[in-house]
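**Q** okay, predicted coordinates and the sequence, questions at the end:
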Amino acid sequence: MYEKITPPSTGEKITFNNGEPTVPDNPIIPFIRGDGTGIDIWPAAQKVFDAAVDVAYKGKRKISWFKIYAGDEACELYGTYQYLPQDTLTAIQEYGIAIKGPLTTPVGGGIRSLNVALRQIFDLYACVRPCRYYAGTPSPHKNPEKLDVIVYRENTEDIYLGIEWRQGSEIGDRLIKYLNTELIPATPEHGKKQIPLDSGIGIKPISKTASQRLVRRAIKHALQLPKHKQMVTLVHKGNIMKYTEGAFRDWGYELATSEFRQQCITERESWILSNKEKNPNITTQENARMVDPGFDALTTEKQAQIVKEVETVLNSIWDTHGNGKWQDKVMVNDRIADSIFQQIQTRPDEYSILATMNLNGDYLSDAAAAIVGGLGMGPGANIGDECAIFEATHGTAPKHAGLDRINPGSVILSGVMMLEYLGWQEAADLIKKGIGDAIANREVTYDLARLMEPPVEPLKCSEFAEAIIKHFS
Ligand SMILES: NC(=O)C1=CN([C@@H]2O[C@H](COP(=O)(O)OP(=O)(O)OC[C@H]3O[C@@H](n4cnc5c(N)ncnc54)[C@H](OP(=O)(O)O)[C@@H]3O)[C@@H](O)[C@H]2O)C=CC1
Ligand SMILES: O=C(O)CCC(=O)C(=O)O
Ligand SMILES: [Mg+2]
């Protein structure tokens with residue numbers, strides 16, 4: 001079945017039932033070491049995972065690691081350009097779960113991202129990236145502890161589908177000419193716009209199916225959170241990209257108010273209901289005016305739409321959501337993408353789950369990680385219905401590779417997400433305690449050490465792993 005790798009001789013497969021993993025005590029878990037700093041991070045992280053499982057379950061549970069290959073390491077074993085060998089895909093398919101270090105993607109040419117390929121091949125449609133603060137972590141922000149968000153990033157489409165053509169390529173030129181002569185003139189709203197002939201061109205598909213399955217998972221996650229964190233914010237640039245990003249917002253609301261009608265309230269609905277709660281005799285017109293402060297300046301047609309919206313909300317959900325009952329529901333709101341970047345800095349505690357399309361989520365997850373300590377503290381998981389691959393938010397950080405200095409925290413915390421996904425909460429909690437105590441004790445790698453006041457001598461990558469383990473007890 002495998003050309004160049006052999007699964008461990010002990011251990012069993014994790015199986016899936018309705019998207020939920022059934023986990024034996026000795027699961028086989030494939031791992032990819034990763035390029036660049038993967039060489040430093042992976043051994044440190046694996047040591048922490050094994051120690052936590054050992055301490056938590058005293059030999060009753062154990063992970064059987066299965067080394068699989070991707071990136072530079074794969075080319076060494078399988079030959080030139082064999083970046084993602086079939087063996088690796090077969091192993092992930094067979095075992096349903098994997099954890100990986102970062103993989104290199106060249107800019108401007110060369111192979112397309114292996115990271116993105118894995119997400120697309122296994123339909124890992126939700127990229128889940130929690131950003132929470134560990135006490136004592138230095139941060140450029142005054143109150144980093146106020147940020148506790150989970151970026152829920154659509155992982156399979158948007159411009160990451162990788163359908164683009166180089167400037168000057170035959171198909172690129174044909175496409176531009178076709179758009180300029182046929183499609184753009186046939187769409188009156190585009191007027192006399194033309195695409196410059198010396199453009200590279202890319203396609204940004206945003207589908208209803210992919211948008212809604214992402215938002216569905218985000219709402220289900222919100223329902224598991226403490227009441228005050230039960231909120232999903234749809235992040236988009238729908239004012240500019242109306243039919244892609246704007247549609248993502250609309251499909252998100254549509255899903256929330258159909259599939260999750262009894263569990264969800266939208267922000268505008270909450271305003272309408274609370275206006276009536278504060279003033280039971282309020283007219284529909286007055287209510288509409290309060291919902292939209294610019295109401296009087298709107299056209300008659302737009303005003304009528306808002307009045308209708310108020311009527312519909314009161315008629316359809318006053319009984320189930322009114323009189324304050326909406327306060328126990330998952331709040332679904334939306335924010336424009338540029339605004340959310342400043343909101344997570346100026347009003348961090350007003351947000352919880354941020355549901356995004358692919359590109360916005362990529363940017364936002366690095367930015368949110370920076371607030372709580374940097375890319376060394378940014379874990380992630382790529383989750384589908386039948387498979388999951390855990391990986392950090394950061395990349396290969398090549399200038400630090402092989403120096404035993406990089407922070408392994410993100411991959412270790414990605415492992416915590418994996419342990420939680422397996423239901424091995426005790427081992428996950430031990431690692432969280434170990435990381436928290438090591439940081440509070442100022443035992444940290446260079447990235448955190450340089451921000452600390454007064455400065456501390458940094459630990460090596462491997463030493464930070466040992467410090468985490470030391471703090472298990
Ligand atoms: N999922 C994946 O595998 C990903 C892969 N990549 C790929 O990685 C390669 C390098 O990308 P690049 O843009 O340099 O981004 P990286 O995320 O690799 O690194 C950028 C900077 O972030 C900081 N950083 C990254 N990782 C850590 C860590 N573990 N601990 C502390 N600080 C860290 C370092 O900052 P400083 O030097 O200031 O300390 C580093 O120089 C590219 O080929 C890219 O495509 C990128 C993102 C994700
Ligand atoms: O695949 C890559 O090289 C970059 C991906 C990335 O930045 C991410 O997933 O956050
Ligand atoms: Mg990224």
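**A** Yes, it's here. Numbers count the residues shown, from 1 in each chain. Ligands and ions are numbered 1, 2, ... in the order given.

**Q** show me what contacts the residue of the chain found nearest ligand 1?
**A** Nearest residue of the chain to ligand 1: residue 395, at 2.2 Å (CB to the nearest ligand atom). In short, each C-beta sits where N, CA and C put it, glycine included. Residue 395 makes contact with 36, 102, 104, according to CB atoms under 8 Å, 6 or more residues apart in numbering.

**Q** hmm, try it at 10 Å
**A** When contacts are counted by CB atoms under 10 Å, 6 or more residues apart in numbering, residue 395 touches 34-38, 101-105, 115, 366, 375.

**Q** residue 123 now?
**A** Residue 123 is in contact with 155-156, 210, 213, 382, 384-387, counting by CB under 10 Å, 6+ apart.

**Q** of those, buried ones?
**A** Buried by 16 or more other CB atoms under 10 Å: 155-156, 210, 213, 382, 384, 387, out of those.

**Q** of those residues, which pair is most distant in space?
**A** 210 and 387 (16.2 Å; CB to CB).

**Q** longest helix of this structure?
**A** The helix spanning the most residues in the chain, taking DSSP state H as the definition, is helix 300-321.

**Q** so what's the residue lying closest to residue 416 once chain neighbours are set aside scoring on pLDDT?
**A** Nearest residue to residue 416 in three dimensions, chain neighbours excluded: residue 428, at 4.7 Å (CB to CB, 6 or more residues apart in numbering). On pLDDT, residue 428 comes in at 98.

**Q** measure residue 428 to residue 361 for me?
**A** 24 Å (CB to CB, to the nearest Å).

**Q** between these two, tell me which one has more neighbours.
**A** Shown here are residue 428 and residue 361; by other CB atoms under 10 Å, residue 361 has more neighbours (26 against 23).

**Q** what comes up buried for the helix or strand containing that one?
**A** Assessed by DSSP states H and E, residue 361 sits inside helix 358-371. Buried residues in helix 358-371, counting neighbours by 16+ other CB under 10 Å, are found at 358-362, 364-366, 368-371.

**Q** can I get the residues you listed in CSV with distance to residue 279 and pLDDT?
**A** Converted to CSV, the buried residues of helix 358-371 look like this (distance: CB to CB, whole Å; pLDDT from 0 to 100):
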residue, distance to residue 279, pLDDT
358, 43, 98
359, 43, 98
360, 38, 98
361, 40, 98
362, 44, 98
364, 38, 98
365, 42, 98
366, 45, 97
368, 38, 97
369, 44, 97
370, 44, 95
371, 39, 95
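
**Q** and of those residues, the nearest to residue 314?
**A** residue 360 (33.5 Å).

**Q** return the distance of the closest residue in space to that closest one that isn't next to it in sequence relative to ligand 2.
**A** With CB to CB, 6+ apart as the criterion, residue 360 has its nearest non-adjacent residue at 4.9 Å, and that residue is residue 337. Residue 337 is 16 Å from ligand 2, where distance means CB to the nearest ligand atom, to the nearest Å.

**Q** try residue 87
**A** Taking CB to the nearest ligand atom, one finds residue 87 at 21 Å from ligand 2.

**Q** likewise for residue 185?
**A** Taking CB to the nearest ligand atom, one finds residue 185 at 37 Å from ligand 2.

**Q** what residues does the stretch 251-400 of the chain have near ligand 2?
**A** The stretch 251-400 of the chain has residues 362, 393, 395 near ligand 2, with proximity defined as CB under 6 Å from any ligand atom.

**Q** could those be laid out in CSV, adding distance to residue 472?
**A** Output for those, formatted as CSV (distance: CB to CB, whole Å):
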residue, distance to residue 472
362, 34
393, 25
395, 29
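
**Q** ok, those residues vs ligand 2, which is closest?
**A** For these, the nearest to ligand 2 is residue 362 (4.7 Å; CB to the nearest ligand atom).

**Q** where does the residue nearest to the closest one when sequence neighbours are not counted land in three-state SS?
**A** Spatial nearest neighbour of residue 362, chain neighbours left out: residue 153 (6.8 Å); criterion: CB to CB, 6+ apart. Per DSSP: H, G, I helix; E, B strand; the rest coil, the local secondary structure of residue 153 is strand.

**Q** I figured residue 153 was touching residue 368, is that so?
**A** No: contact criterion CB atoms under 10 Å: residue 153 and residue 368 do not qualify, at 11.1 Å.

**Q** which neighbours do those two share?
**A** Shared contacts of residue 153 and residue 368 (CB under 10 Å, 6+ apart): 129, 354.

**Q** that older thread, neighbours of the residue nearest to residue 362, how many?
**A** 30.

**Q** got a list of what it touches?
**A** Per CB under 10 Å, 6+ apart, neighbours of residue 153: 119, 125-129, 160, 214, 218, 235, 354-365, 380, 382.

**Q** the strand or helix carrying residue 277 - what's its average pLDDT?
**A** Per DSSP H and E, residue 277 falls inside helix 267-278. Helix 267-278 shows a mean pLDDT of 98.

**Q** all strands of the stretch 151-300 of the chain, in order?
**A** Here the stretch 151-300 of the chain has its strands, by DSSP state E, counting those that start in this stretch, at 164-165, 201-202, 231-236, 264-266.

**Q** and among these, the most buried is which?
**A** strand 231-236 (a mean of 26; mean count of other CB atoms under 10 Å).

**Q** name the residues of stretch 445-461 that are buried.
**A** 445-449, 451, 456, 458-461.

**Q** tell me how far the ends of that stretch are from each other?
**A** Terminal residues of stretch 445-461 lie 6 Å apart, using CA to CA, to the nearest Å.

**Q** what's the answer for stretch 5-14, then?
**A** 19 Å.

**Q** cool, stretch 119-132 as well?
**A** With CA to CA applied, stretch 119-132 spans 24 Å between its terminal residues.

**Q** any part of that stretch near ligand 1?
**A** No: against ligand 1, stretch 119-132 shows no contacts by CB under 6 Å from any ligand atom, the least distance being 9.3 Å.
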